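*Asks:* need a 3D model of the sequence below.
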Amino acid sequence: MEDILVELAKGFFRGLGYIIAEVFFWFICYWIGWPICKLLTLGAYPKPQKTMYLDDTQHSGVWCPIVGLIVVLVAGLYFLSIFS
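*Replies:* Have a look, this model is predicted:
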């Protein structure tokens, strides 16, 4: 019985981690990085997307969330006084 509960807990926390990572990376970091990418490329990147449906999980413009993640990490390090 203990093994079943351990496996259920692993699955639950794996799913929770996936949802948090998906929301953080593809929503928060994307919208932080999007204006920066637009500014640096003078509006050329990311290209406008077609309408996405609920079951469509393909993401375009992966540089936007990467730039947003870098900005979040640098801001967090700055507020922790790592740079001074």
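*Asks:* okay, now Val74: neighbour count?
*Replies:* Look at Val74: counted by other Cβ atoms under 10 Å, it has 12 neighbours. C-beta here means a position set from N, CA and C on the backbone, and glycine is covered the same way.
*Asks:* please begin residue numbering at 385 from this point
*Replies:* Yes, from this point I'll number from 385; that puts the last item at Val458.
*Asks:* what about it, which helix or strand?
*Replies:* According to DSSP states H and E, Val458 maps onto helix 447-463.
*Asks:* ok, and what's touching that helix?
*Replies:* 409-410, 412-418, 420-421, 429-430, 467 (Cβ atoms under 8 Å, 6 or more residues apart in numbering).
*Asks:* please redo it, this time with the cut-off set to 7 Å
*Replies:* The contact list for helix 447-463 (Cβ atoms under 7 Å, 6 or more residues apart in numbering) reads Phe409, Trp410, Cys413, Tyr414, Ile416, Gly417, Trp418, Ile420, Cys421, Tyr429, Pro430, Phe467.
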